[in-house]
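[1] Quick one, structure for this:
(chains A and B)
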Amino acid sequence: MAPIRLLELLILLSALAGFTGLLLRRNLFLKVLAMDVMGSAVVALFVLFAARSGLRSPLLVGLSAASSSGVVPTDLADPVPQAVILTAIVIGLSIQALLLVVVTQLARVDPSLDVSSFEHRN
Amino acid sequence: MLTSPLLTVWLLLPYLLGFVAAMVPLLSRLLVLGCCLLSGFVGAAALLAGPQGAAQLNLLGSTGVTLRLDPLAGWFVLLAALLIAAVLVACWQRSPATPMPLLLLVLQGGLNTAFAATDLISIYVTLEVVGISAFLLMLSDPSASRLWVALRYLLVSNTAMTLYLIGAGLLYAQSGSFSLNALARLPLGAAQAFVLLGLLTKAGVFISGLWLPRTHAEAPAEISALLSGVVVTAGAVPLLRLAQLDPRLLVVLQLVGLGSALLGVLAALRATDLKRLLAWSTLSQMGLVLLSPVAGGAMAFSHGLAKGGLFLLAGGRLPSRQLAGWRERPLPLGLQLGLYGASLSIAGVPPMLGFAAKKGLQETLPPPLAAALVLLSVGTVMVYARLWGAPLAPASAAEPMLTSGVRFSVSALVVVLLLVGCGQLAQGIPVQAMLSSFAVLAAGVLLQQALQRLPVGSVTPPVHGETLQHLLGNLVLLGSGLLLAFQFGVG
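    Next up, the predicted model:
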């Protein structure tokens, strides 16, 4: 198996681990953290897709300098997915912050933050 | 008429005005109204221009973003503008210093872009903007149970959108593009399953939409009107665009839509609370919207206006929101008129707009689906027949149940439904369709009466399957269902 495929597998496994944590943890705070694990795995996935076959950053090595030194353009990382995932990181951070604010508010209702204590209130 | 500079201004203006509104709270309500006016104009222009005159906006060249304002988007843009204006007017008497006008502007900005976007990443960003502003609006009047419901909403929708991003990444790895066109050309597989999962959750459809009933029932009534009327459609428009581009996905979406319509009707028939009944009915109507990309826009438009009006009425000082004993508690004439007008439109009775929308949907569907739609319409009538028949309260009631703002915006919404519906009828009266819709109405009312006499109808089941764990588990279920369907070639 090519190492890059192995890396992809590991990243998808960590996304799965995040989702499992989200599903199975009883504590609300841990649920929110597990969601962040999932988000980070997706960020890593996009960085991996952007890498193509090489890991050199196109901004640091100019394209003309690169071709003169024998580097083909496909060896350079693709900037589009990286730009896209930057936006997603910002959105993920702000959602995380909002969720944590609500979690601190809910801690006044039940300091142990057990999900079942909110589920059955009404 | 819709030139690129106008479209750019239209897309950016809500955010700019939001900034101004935060600086000068006194002006904020007028700014929201102005923004709704411009947006309504753009939406109506896109509708009138027709499919040939669809405006396209290419930003930043070949790797950039393409926005498309066709009649499909036009319906939704117009719906968002009307409903946001109606909600603002309904809350006019509140202090303008609250963050509500700012949030309404950001919501409108996000919705407008979501309706016009044609690539997965723009859709992702705008759906998250819409989700965050809906979350903050829900907490405009916080309580412990509202905090929990809002947290649940954001957690589930962000999880679904993270899965959606995996789908977008898979698409880019295979085709080097994020556009919906590229997704439609790809062989059916994991990329489509992840993307559909995210969008279906956002649209509140089928089992992935089970977060919807409790969220919409718990939120403040005027916010529920926005959530049920227009926020859920932000997820439905990309789905309709995908169905337009790819007939294989259309079949899958029709199956999911039928399932959702049936689930929503069955649950709404057993609901015990007015707002829960309305929310379950949203789940069912969103399923109907997904049945056809041609008629979906008009369906969502007529449903959104009517459901918005009904939720605004539910926020009034009703004697009780409990449905048990609904027909013993008198309601004043104004409230009854709004209730009948809006619910008859959703039930598809002429001359309301809901009739024209349902007829349009019926004509675009193949015969087996059209037959299923008739049965579902009977179910919808049965749901709303539960709200009809309350006695009339004397006009000299001590305290009005509705504030004047709510009364004004609900009557405006019902009048729009009536006038546009009559306008559609003026092009030629379809006698056969009208007769069949009256037959559906009669059948629904009679069946509902019969159901009430049965002991089953009065049993109130406890609510299962709506805990956070169920909601997340449903994502897994629907995702694996979609993957299996793609594998075995349902599409």
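
[2] dump the residue contacts of the residue nearest to the spatial centre of chain A.
    In chain A, the residue lying closest to the centroid (CA atoms, centre = their mean) is A:S40, at 1.9 Å. Taking CB atoms under 8 Å, 6 or more residues apart in numbering or on different chains, we find A:S40 in contact with A:S14, A:G18. All C-beta atoms are positioned from the backbone trio N, CA, C, and that covers glycine.

[3] Now do the phi/psi pair for it.
    Dihedral angles of A:S40 (phi, psi; degrees, to the nearest 10) stand at phi -70, psi -40.

[4] Check B:L137 too.
    Note on B:L137: its backbone torsions stand at phi -60, psi -40 [degrees, to the nearest 10].

[5] Go ahead and confirm it touches B:P101.
    No: between B:L137 and B:P101 there is no contact under CB atoms under 8 Å: 11.0 Å.

[6] any idea how far the residue nearest to the centre of chain A lies from A:V102?
    Shown here: A:S40 relative to A:V102, a distance of 21 Å by CB to CB, to the nearest Å.

[7] do B:A261 as well
    In this view, B:A261 and A:V102 are 33 Å apart by CB to CB.

[8] Look at the two and report which has more neighbours.
    More crowded of B:A261 and A:V102, by other CB atoms under 10 Å in any protein chain shown: B:A261, with 29 against 22.

[9] OK, contacts around the more buried one?
    B:A261 sits next to B:S284, B:Q285, B:G287, B:L288, B:L376 when contact means CB under 8 Å, 6+ apart.

[10] Quick check: mean pLDDT of stretch B:38-51?
    For stretch B:38-51, mean pLDDT is 90.

[11] Contacts for that stretch next, please.
    B:1-2, B:6-7, B:10, B:13-14, B:54-55, B:69-71, B:73-82, B:85, B:108, B:112.

[12] cutoff 6 Å now
    Contacts to stretch B:38-51, defined as CB atoms under 6 Å, 6 or more residues apart in numbering or on different chains, come from residues B:M1, B:L2, B:W10, B:L69, B:P71, B:G74, B:V77, B:L78, B:A81.

[13] of those residues, closest to chain A?
    B:W10 (21.7 Å; CB to the nearest CB).

[14] Quick check: B:T201 touching B:A160?
    Yes: counting by CB atoms under 6 Å, B:A160 is a contact partner of B:T201 at 3.6 Å.

[15] In strands, which of the contacts of B:A261 fall?
    For these, not one is inside strands, with DSSP state E as the criterion.

[16] Any stretches of the chain with poor pLDDT?
    The chain I'm using is chain A. A:1, A:52-75, A:121-122 (pLDDT under 70).

[17] Sorry, I should have been clearer: chain B.
    B:1, B:61-63, B:96, B:395-399, B:455-464, B:490-491.

[18] Please, where are all the strands along it?
    Going by DSSP E, chain B shows strands at B:55-59, B:65-69.

[19] Give me the residues contacting the first one.
    Okay, so that is strand B:55-59. Contacts for strand B:55-59 (CB under 6 Å, 6+ apart): B:L2, B:S4, B:L7, B:V65, B:T66, B:L67, B:R68, B:L69.

[20] and if we set it to 10 Å?
    With contacts defined as CB atoms under 10 Å, 6 or more residues apart in numbering or on different chains, strand B:55-59 is touched by B:1-8, B:10-11, B:42, B:45-46, B:49, B:64-70, B:73-74, B:116, B:118, B:122.
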